[in-house]
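**Student:** Take this sequence and fold it.
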Amino acid sequence: GFASDEIPDLDDKSSPLLLKLRDSLATCSRVAGLRRLACRSISHEDYLDEQQCDKDSFQDLLRKVASCASVICTTPETSANSFFEPLKRTSDVVVLNAAGAMGRADAINVWGNACRPCIIVGDWKQMGPTLLSSRDTFFLEDDYCQPGQSCLPRNRFFPDGEASILEHAMRIGQPVWHLDHQYRMAVGQFEMALEVVYSEFISTYSCDESTELVHRPLAVEVDAWLSSEHGITSPKGKSYPAFFSKPGSCWYHPPSGSRYNEEQNTFALNLVRSLHEAGIHKSKMKVVTTYSDNKRYLEDLFRKSSFLDVACHTIDSFNGGIGCIVIFVLCVNRVSGPCFMDDSRRLAVAMTRHTDHLIVVGDLKTLYSDEKGTNSKGSMLAMFQWLSRNDRVVVVDDDAGGDDAREMRRKRRKFRKSQGWRPDDSSTDS
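**Tutor:** Residues are numbered from 1 along each chain as shown. Just a heads-up that it's a prediction; the model follows:
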């Protein structure tokens with residue numbers, strides 16, 4: 001390496017291709033200025049003024065460096081551009097990571113048609129490929145959906161598009177190895193997700209030695225704070241997720257079709273502030289919520305409170321991400337109902353993306369009821385039952401408000417002769 005102290009110097013054990021490239025660059029006049037800049041012989045200003053490398057020479061250098069690489073990491077879309085395409089076609093092995101969220105077309109774009117060895121890694125229990133047209137529906141006559149009326153999807157093939165390459169490989173009988181040994185999360189933090197989503201692995205599940213609390217001081221700090229401030233303790237040798245029941249008011253935002261809950265957002269901010277005052281750095285915490293509008297409210301709230309180091313995400317954007325401490329804001333409550341959050345795949349993402357601790361903010365009574373008044377069963381109910389059974393619930397208050405998602409009617413597009421599908425301006429949201 002030329003510049004960074006973090007990059008080790010090349011020696012006899014380094015790649016022969018890199019050694020050969022280094023020797024050739026030492027006498028190459030086309031990149032002489034760039035080499036002096038990397039060696040810190042000249043300043044960046046001098047490089048721009050006098051010895052700047054031309055674009056063609058710089059791109060040629062990048063291709064030579066990439067051709068020496070043992071591993072190249074990229075996205076399916078990026079792998080198809082003019083720079084990576086030749087490298088992709090000549091690679092010996094293809095590894096598809098996060099394949100549970102990768103469509104088959106993207107996977108084939110990377111894999112190609114040469115039957116190269118391919119390793120597919122992913123979680124089929126978490127969110128699959130995103131297909132925006134799957135929610136686009138219409139009605140032939142009425143503007144709104146009537147009770148008992150079924151709508152028609154514009155994309156009739158969306159179920160096929162939502163099947164990931166991982167699901168496809170499993171369904172056609174390819175050999176699959178299930179990793180049932182936990183390496184990432186502190187011991188105890190995965191047990192809720194294990195019972196709610198991954199129950200088939202309960203009998204074989206095990207934890208690595210690196211997940212024990214002696215190696216996870218951050219999990220111990222959060223557990224100590226929960227015990228001293230709110231009186232909830234985890235079993236000895238384990239660290240369990242915690243739940244704060246704060247219903248708030250979940251409001252529907254007609255322009256975007258999204259939702260927000262100001263009370264739960266404010267409580268999440270107070271949690272972050274309290275943890276920070278207890279000695280936990282802000283950068284160790286991330287906030288995940290269910291709706292894009294609620295995420296924007298959270299970002300604005302944290303910005304005004306000078307907590308810019310705390311990143312806010314939706315479940316969709318956080319799929320595949322990792323955070324030390326994750327504060328999950330459900331946004332929904334008993335008035336709105338669980339909406340699309342009563343989905344095991346979304347809950348699986350929310351419950352498994354932390355390494356040290358998970359804190360959930362929501363309403364413990366967020367459940368749908370049928371006409372007979374009995375609660376329907378689902379993943380969210382299973383999560384609430386686990387938290388209640390293990391004494392991990394702190395009831396902040398019981399005041400709930402907002403609007404009921406079951407009574408909301410979305411504006412639909414109407415088919416008009418000689419005009420096709422047009423927005424119906426006469427219809428209004430209830």
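**Student:** Run through the strands of the stretch 251-400 of the chain in chain order.
**Tutor:** Applying DSSP state E, counting those that start in this stretch to the stretch 251-400 of the chain gives strands spanning 258-260, 285-289, 311-314, 323-329, 354-362, 393-395, 400-402.
**Student:** quick one: the last one to chain centroid distance?
**Tutor:** Relative to the centre of its chain, strand 400-402 is centred 28 Å away, using CA atoms, centre = their mean, to the nearest Å.
**Student:** do the fourth one as well
**Tutor:** On the basis of CA atoms, centre = their mean, strand 323-329 sits 12 Å off its chain's mean C-alpha point.
**Student:** Partner strands of it and their direction?
**Tutor:** If you go by DSSP bridges, strand 323-329 pairs up with strand 285-289 (parallel), strand 354-362 (parallel).
**Student:** Would you reformat those strands as a markdown table and include mean pLDDT, mean neighbour count and distance to A105?
**Tutor:** Glycine gets a C-beta too; all of them are placed from N, C-alpha and C. Output for the strands paired with strand 323-329, formatted as a markdown table (pLDDT from 0 to 100; neighbours: other CB atoms under 10 Å; distance: least, CB to CB, whole Å):
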| stretch | mean pLDDT | mean neighbour count | distance to A105 |
| --- | --- | --- | --- |
| strand 285-289 | 96 | 26 | 28 |
| strand 354-362 | 96 | 26 | 32 |
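**Student:** Nearest to L25, out of the ones you listed?
**Tutor:** strand 354-362 (40.1 Å; CB to CB).
**Student:** what about dumping the CA coordinates of that closest one to CSV?
**Tutor:** Taking C-alpha atoms only, strand 354-362 is exported to CSV below (Å, rounded to 0.1, in the frame of the first residue of the first chain):
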residue,chain,number,x,y,z
HIS,A,354,-29.1,-5.9,16.9
THR,A,355,-26.0,-7.3,18.5
ASP,A,356,-26.3,-6.3,22.2
HIS,A,357,-29.9,-5.1,23.0
LEU,A,358,-33.4,-4.6,21.6
ILE,A,359,-35.9,-2.2,23.1
VAL,A,360,-39.4,-2.1,21.7
VAL,A,361,-41.8,0.9,22.0
GLY,A,362,-45.5,0.2,21.2
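**Student:** residue contacts, N81?
**Tutor:** Applying CB atoms under 8 Å, 6 or more residues apart in numbering, we find N81 in contact with no residue.
**Student:** pLDDT score for it?
**Tutor:** pLDDT for N81: 90.
**Student:** List the contacts of stretch 60-77.
**Tutor:** Here stretch 60-77 has contacts from 15, 17-18, 21, 25, 31, 34, 53, 83-84, 87-88, 91, 102, 106-107, 109-110, using CB under 8 Å, 6+ apart.
**Student:** In a markdown table: the strands of the stretch 251-400 of the chain, plus distance to A114.
**Tutor:** Below are these laid out as a markdown table (distance: least, CB to CB, whole Å):
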| stretch | distance to A114 |
| --- | --- |
| strand 258-260 | 44 |
| strand 285-289 | 40 |
| strand 311-314 | 37 |
| strand 323-329 | 38 |
| strand 354-362 | 38 |
| strand 393-395 | 54 |
| strand 400-402 | 55 |
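**Student:** For L381, find the nearest of those.
**Tutor:** Nearest to L381 among the strands of the stretch 251-400 of the chain is strand 354-362 (12.5 Å), distances taken as CB to CB.
**Student:** hmm, who's touching that closest one?
**Tutor:** 184-186, 189, 192, 216, 218-219, 222-223, 239, 241-247, 264, 267-268, 271, 284, 322-333, 350-351, 383, 387.
**Student:** Now list the buried members of those.
**Tutor:** 185-186, 189, 192, 216, 218-219, 222-223, 239, 241-247, 264, 267-268, 271, 284, 323-333, 350-351, 383, 387 (16 or more other CB atoms under 10 Å).
**Student:** Adding distance to F340, write the strands paired with strand 323-329 out as JSON lines.
**Tutor:** JSON lines is the format used below for those (distance: least, CB to CB, whole Å):
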{"stretch": "strand 285-289", "distance to F340": "13"}
{"stretch": "strand 354-362", "distance to F340": "14"}
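**Student:** for the strands of the stretch 251-400 of the chain, which one sits closest to L152?
**Tutor:** strand 258-260 (24.2 Å).
**Student:** Could you name the helices and strands sitting against that closest one?
**Tutor:** Applying 3 or more CB pairs under 8 Å, 6 or more residues apart in numbering; DSSP states H and E, one finds that strand 258-260 contacts strand 248-253, helix 292-304.
**Student:** which parts of the last one are buried?
**Tutor:** Read it as helix 292-304. In helix 292-304, counting by 16+ other CB under 10 Å, buried: S292, D293, N294, K295, R296, Y297, L298, E299, L301, F302.
**Student:** Let's have those in JSON lines, adding distance to R63.
**Tutor:** As requested, these are exported to JSON lines (distance: CB to CB, whole Å):
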{"residue": "S292", "distance to R63": "39"}
{"residue": "D293", "distance to R63": "44"}
{"residue": "N294", "distance to R63": "44"}
{"residue": "K295", "distance to R63": "39"}
{"residue": "R296", "distance to R63": "41"}
{"residue": "Y297", "distance to R63": "46"}
{"residue": "L298", "distance to R63": "43"}
{"residue": "E299", "distance to R63": "39"}
{"residue": "L301", "distance to R63": "46"}
{"residue": "F302", "distance to R63": "42"}
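**Student:** Identify, from the residues you listed, the entry nearest to P235.
**Tutor:** When the buried residues of helix 292-304 are compared for distance to P235 (CB to CB), L298 wins out at 31.7 Å.
**Student:** which secondary element of this protein has the worst mean pLDDT?
**Tutor:** strand 413-416 (a mean of 44; mean pLDDT, DSSP states H and E).
**Student:** any idea how far S258 is from S292?
**Tutor:** Distance from S258 to S292, counting by CB to CB, to the nearest Å: 5 Å.
**Student:** ugh, wrong one, I meant I72
**Tutor:** Separation of I72 from S292 (CB to CB): 32 Å.
**Student:** Ok, D160 next?
**Tutor:** 27 Å.
**Student:** so where's the stretch 51-200 of the chain uncertain?
**Tutor:** 138-151 (pLDDT under 70).
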